[in-house]
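1. What would the 3D arrangement of this be:
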Amino acid sequence: MSNKYKVSVGCGGVWILIGLFLAIGGPLLDETVSNYGIEKALKDYLVVDSFDAPFYNDWAGGIEETNPYYEIYYMWNLTNAQDVGAGKDIPRYVQKGPYTYQRHRRNVNVSFLDNGNLAQYSVLRDYVFMPDRSNGTIEDIIVNINPAYVGIMSQAGGLQAGITAAISPYLTRFITFFEKEFPRVYLAYLVPNTLQDVLVDGLIASIEDVLHDADASWDYFIKQWNEATSLPSTGNATLWRGFYGSAPNLPLSAANSLWDQTITNSFLDSSANSTWNWGQMMNGNLDAGYLVDLFNITHDQARTVVSWYTNFTNEIITPGVLSSNQINSTKELGYIQWGLASLLPAGVVDHYGTQLNLENPIELGLVSAVPDCSNMPADQVFSLFNVYRIQDPLVLQAYLLAASVNDSNGGAWGLSPHLSQCFYSYAVLVGAGFAEPDLEQIWQEEGNDMFATRTVDQWLWRCSDAWLDMVSPTSSCSLQFNHTYYEPHTVKTGKDDFSQIGLYVKWRNQSEIVGVWKNTLPVTGYTESGQFKPFLGNADVMTSFDPDMVRPTPMNHVYNVSINGINAYRYQINSALYAPNPLFYQTLTGTMNVTAVNQDVPILLSAWDLLHVPAFITDGMLVGMNATTEEECGTNIDIEPTTGMVVQAMKRLQVNLYFPPNNSWFDNQLYPTPVGYPNMKTGVIFPLVKVEEFVTLGDETAGMIKGKLSQAANLPEQILLATVITGPILVIIGIFLIVFGYRGIRKTQAGYESINE
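-> Numbers count the residues shown, from 1 in each chain. A predicted model of the protein is given here:
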C-alpha cells in the first residue's frame, strides 16, 4: 500500500516541475515562440515558389492594381540656349511639370527552378499618362541640350568625326546598288552592241546569203523574232541561239522600231539613258509600262518584250561576262566596279544616278572618290562589306576611330595600310559629299543640333534624331521606354531560407556585370519588387541592385515613420554612392556616372536639383536648381521591419548630361562646315529631367499587412496564455499529489509501528 503513496509523491514532484517550467519559462520563451509563429505565417503567405502560391498574383504585378505606382517627371526647360551655345551666358533653367504616368508592371515568362527556390521572369512595363495628376500636357514644348548630338560627338571623338560616322546609310546604299542594280545596268550596257554584232549583223548576213534580198532578209528577221516560236530553217542556226522566248506578237511597226538603232530606248540604242532604263526594267525598278507610249504597244506586250530582253541577257551575255571576268555571280561585277571601276568608267555610272532625280549620283565607288586607290580587288571588296560589314554603324565607327590613329590598324578589317588610308579618305569624301550637306540641311530646317526643341512626349518616349538615325539606327534618344522588357531575372524565392527572399541571383540574365565598369561587378542585392529581408534591425543596411545605376545600392535606416497605421523604417541612399569612385569612372562629387551603360552618352545621375553636388561646383555653372533636403530631393524607402515589405517608396533621381571639360570636339576640321559650338563653355552639368517613382500602400493592402501581422502574433499569444494558466494548475496538482502521498506514507508507517508494539 505504501508504494501507491510513493508513486503519488513522485508524480506530484514531476507535475510541479512541469508546472513551474510552464509558468516561469513560458514568458521567457515568448520572443522565440513569437518569431517562429510570425515567420511561419509570413513565409506561408509571402514565399512565391509556384503558380499556386497565395501571393503569386500580387507578386506577378496585381499589387499595383490596388496600390497605383506613379512615375512623375519634372522637365528642365533651358531658356537661353542660343546664348549658351555662343558662350555668352551660363544655362538658365525653369522647371515644368509634373507630368505623371501610372506604371503597370507585370512579371511575364515566369518559371520556377531548383524545386521552387528560384523564380525566373522578365518584367513588362507600360506607362499611361494621367492628366488629372499633371500640370501641363505631353505636348508642352521643352528646350534643352540634345543628348543625341553630344553622345555622337562623345562616341566619335568630335563633330567632324561624327559626321564621317554618319556615312553608314550611304555606304549601305552604294553597296546595295553595286550588288543588285549595277550588274543589270552593266549587262544592259553590253546588250546593244551584242545584239548588233550577233543578231542583227550576223543573222541578217546569214539570211541574206539564202534569200539574196536585203529587204526580205530584214522582214524575215523581224517576223521570226515577233511571231515565230520554233527555230527557222533560214540562216545560220547557231546565230539564232537565245533569240526565242515568248513571241511578242507586236504590230509590225512597233517591232521594227524596237530594232531601230536610231530610235531612243530601242534594243540597239547604246546611250547611257537607254541602257539605264533597260537595266532598271530588268531590276523591276522601272515598270515595263514605260515602253507602252514609246512604241505604241499594250502593257502585256511590253512585259513580254522585257521578259525576252531579260532572258536574252541571262542566257547569252551573262555566261560570257562571268567567264571573261573569272567570277561566279553577277553580284561580283559590282565589287569589281566599286574597287576598280574597270567595267564602266566611274563617271558613266555616276551619270546613271541622275535618272533617279538625285542631287548626288547613286553610285560612288572607291575609285570615283580616290583615283589613286583604284586597286582593291573584288574578293577584298566582298570581304570588306560582307565579312567585316564595314557599312554597319558600330563597325564603321570602330574602324574610323582606329584608322584615324594609324593606317596599320586597318588590318583588323582585312585592309593593308595603303588600302586603309584609301578607305578612310573615301569615308571622309562620302561625308563631305553626302552626309554633311544632308545634316546641315536637317539642322537648319529642324533646329535640333546641340540644342533640341521637343514636346514632353518626344523627350520621354518618342524622340527622333536625324543624326542618330544615320550613325546608329537601332538606338533611341528617348529618355524612357514604354511597353518593354529585357532579359530575364533570376531571384531567390525564400522557400528554404526566408531571409533571402527577393535577392537577385541574376539581373537580366547576368550574375556579373562584365566589360562595363573598370572591374567585373557581381550582381548583389534585392530586386525592385518591394520585398526586402524580413525581421529587420535598426542597424541593418539594405542593398538593392538598381537598374538605372546598374550597381548595388546600399541604403541606411535613418528614422521610423508611420504609414497608414503601419510602423516602418525609413531608408535613404548611402551617401557613398555620390562620392568619386574609380570603379564607375566617377569623378564629380554628388553624381553617379552611368555613361558606360548609356552608349557613351555622358549621363550623370544625381538627387533632385543636384542636391549633393558641392556649391563651389554649381555656383557660376547654371541657374535654376533649388536643392533643399534629402527628404524632399532624395530617395526615401519605408519598409515594414517584420515582413520586409515596402509600404511607401519615393525614389527620386535627376538625369543630367555632362558637357565634359577641355573637350576638343569642335577641333580637327575635316569639312568647311559646320563649325559647331567652339565657344561653348565646357565642364558644365545640364539637367534634363527629374523623376520620382512613387507608391504608397492603399487601405486594402495596409489592412492585409496588419491582418497578417496580427494573425501571426495570435498563435504565440495563445500558446503563452496556455502556459501561464496551465503551469500553476499543474503545480497545484503536483502539491496535492505530494501531500496526499506523504500523508499516506505516514499513516502506513504509523500502523506498522503499532503492530510491532
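
2. For the rest of this, base every contact and every neighbour count on C-alpha atoms.
-> Fine.

3. Residue 237 contacts residue 231, correct?
-> Yes. If you go by C-alpha atoms under 8 Å, residue 237 and residue 231 touch, sitting 7.5 Å apart.

4. secondary structure class for the spatially most central residue of the chain?
-> When the chain is reduced to its mean C-alpha position, the nearest residue by C-alpha atoms, centre = their mean turns out to be residue 475, at 6.9 Å. On the three-state scheme (DSSP: H, G, I helix; E, B strand; the rest coil), residue 475 is labelled coil.

5. From residue 542, how far off is it?
-> 34 Å (C-alpha to C-alpha, to the nearest Å).

6. Do I have it right that the residue nearest to the centre of the chain meets residue 467?
-> No. Assessed by C-alpha under 8 Å, residue 475 is found out of contact with residue 467, at 11.1 Å.

7. okay, the residue nearest to the centre of the chain: pLDDT?
-> The per-residue pLDDT reported for residue 475 equals 89.

8. In contact with it, which residues are there?
-> Going by C-alpha atoms under 8 Å, 6 or more residues apart in numbering, residue 475 touches 468-469.

9. residue ranges of the strands in the stretch 1-150 of the chain, please?
-> 69-78, 93-113, 118-129, 141-145 (DSSP state E, counting those that start in this stretch).

10. heading toward the C-terminus, what's the first helix or strand past the lowest-mean-pLDDT helix or strand in the chain?
-> Least confident helix or strand, the chain: helix 346-352 with a mean of 54, by mean pLDDT, DSSP states H and E. Using DSSP states H and E, the helix or strand that follows helix 346-352 in sequence is helix 366-369.

11. just how off-centre is that following helix within its chain?
-> 36 Å (C-alpha atoms, centre = their mean, to the nearest Å).

12. Could you name the helices and strands sitting against it?
-> Helix 366-369 is packed against helix 331-340, helix 346-352, helix 417-430, with contacts defined by 3 or more C-alpha pairs under 8 Å, 6 or more residues apart in numbering; DSSP states H and E.

13. mind exporting that helix as CSV, just the C-alpha atoms?
-> The C-alpha trace of helix 366-369 is given here as CSV (Å, rounded to 0.1, in the frame of the first residue of the first chain):
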residue,chain,number,x,y,z
LEU,A,366,36.3,53.8,-104.2
VAL,A,367,38.0,54.9,-107.4
SER,A,368,35.4,57.5,-108.0
ALA,A,369,36.3,59.2,-104.7
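
14. Would you mind giving the secondary structure of residue 415?
-> coil.

15. Kindly report the same for residue 444.
-> Under three-state DSSP, residue 444 comes out as helix.

16. Likewise for residue 690?
-> strand.

17. So it is in contact with residue 73, correct?
-> Yes. Here residue 690 reaches residue 73: they are 5.6 Å apart, a contact under C-alpha under 8 Å.

18. More neighbours: which of the two?
-> residue 690 (25 against 22; other C-alpha atoms under 10 Å).

19. List the contacts of the more buried one.
-> Going by C-alpha under 8 Å, 6+ apart, residue 690 touches 73-76, 608-609, 652-655.

20. need the contact list for residue 549.
-> Taking C-alpha under 8 Å, 6+ apart as the definition, contacts of residue 549 comprise 592, 594, 605.

21. Apply 6 Å and report the result again.
-> Taking C-alpha atoms under 6 Å, 6 or more residues apart in numbering, we find residue 549 in contact with no residue.

22. Now do the SS call for it.
-> coil.

23. again with the one 10 residues further on
-> Local secondary structure at residue 559 is given as strand here, using three-state DSSP.

24. Not counting residues beside it along the chain, what's closest to it?
-> Excluding the flanking residues, the one nearest residue 559 by C-alpha to C-alpha, 6 or more residues apart in numbering is residue 570, at 5.6 Å.

25. Now do the buried residues in the one helix or strand that neighbour maps to.
-> Using DSSP H and E, residue 570 falls within strand 566-573. For strand 566-573, the neighbour count (16 or more other C-alpha atoms under 10 Å) marks 567-573 as buried.

26. in this protein, which ranges drop under the pLDDT threshold?
-> Filtered on pLDDT under 70, the chain yields the residue ranges 1-37, 238, 241-242, 244-246, 345-363, 368, 374, 699, 701-757.

27. how deep is residue 219 tucked in, by neighbour count?
-> Using other C-alpha under 10 Å: residue 219 sits among 15 other residues.

28. Let me know the next secondary structure element after the helix or strand it falls within.
-> Element membership for residue 219, per DSSP H and E: helix 214-227. For helix 214-227, the succeeding helix or strand toward the C-terminus, using DSSP H and E, is helix 252-258.

29. Need the CA coordinates for that following helix. CSV is fine.
-> Output of helix 252-258 as CSV, limited to C-alpha atoms (Å, rounded to 0.1, in the frame of the first residue of the first chain):
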residue,chain,number,x,y,z
LEU,A,252,4.9,45.3,-137.3
SER,A,253,5.8,49.0,-136.9
ALA,A,254,6.5,48.5,-133.2
ALA,A,255,8.7,45.5,-133.8
ASN,A,256,10.7,47.5,-136.4
SER,A,257,11.1,50.4,-134.0
LEU,A,258,12.4,48.2,-131.2
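
30. same for it, what does it pack against?
-> Helix 252-258 sits against no helix or strand, with contacts defined as 3 or more C-alpha pairs under 6 Å, 6 or more residues apart in numbering; DSSP states H and E.
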